[in-house]
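# sequence unavailable; structure follows:
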């Protein structure tokens, strides 16, 4: 019997995995301990309801391992893949996120996914997919 996981649980699970990946990747950055800095996560979700519940989960969970978490998020769908790129350039890139949470489900277009990977490569950060069985982590593109 296959157990189905709600989208909210999948999103938050991927978020926790992203933070764990970031924290495991380095203990010191430019002389500043990771636990002393705010981590930024860019989240691309499929609906406003998902975005709001995700942000609420992040807010109510508080700091993770002593880190404050800042998020920049958007709602993307297959009808506006260019909107993903505009958001990435205007909102995500200037904030220099530590990872991207990409809810690459049914409403995401392949073009949106390509934009996300392009931004991740430019910023040299990991992409965590909420719907690829947690194995959807894409290592830094080299």
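On my side now, so go ahead. None of the values given here were measured: they were computed from a predicted structure. Numbers count the residues shown, from 1 in each chain.
# low pLDDT regions in the protein?
1-37, 61-68, 77-78, 104-110, 130-142 (pLDDT under 70).
# could you redo the last one with a cut-off of 80?
When the per-residue scores of the chain are filtered using pLDDT under 80, the ranges that remain are 1-39, 41, 44-48, 50-51, 53-71, 73-85, 88, 99, 101-116, 126-142.
# which residue ranges of it form helices?
Shown for the chain, the helices assigned by DSSP state H span residues 7-25, 48-61, 81-87, 93-95, 110-123.
# residues contacting the third one, please?
Contact partners of helix 81-87, identified using CB atoms under 8 Å, 6 or more residues apart in numbering, comprise 44, 74, 76, 109, 111, 112, 115, 116, 119. Backbone N, C-alpha and C define where each C-beta goes, glycine included.
# what about the fifth one, distance to residue 76?
Taking CB to CB, to the nearest Å as the criterion, residue 111 is separated from residue 76 by 10 Å.
# neighbour-wise, which of these two wins?
Neighbours were counted for residue 111 and for residue 76 using other CB atoms under 10 Å; residue 76 has more, 27 against 14.
# excluding residues flanking it in the chain, which one is nearest that one?
In space, not counting the residues next to it along the chain, residue 76 is nearest to residue 84; the distance is 4.7 Å by CB to CB, 6 or more residues apart in numbering.
# tell me how many other residues crowd that neighbour.
Other residues near residue 84 come to 25 when the count uses other CB under 10 Å.
# wait, residue 69 touches residue 54, no?
No - under the criterion of CB atoms under 8 Å, residue 69 lies out of contact with residue 54, with a separation of 11.5 Å.
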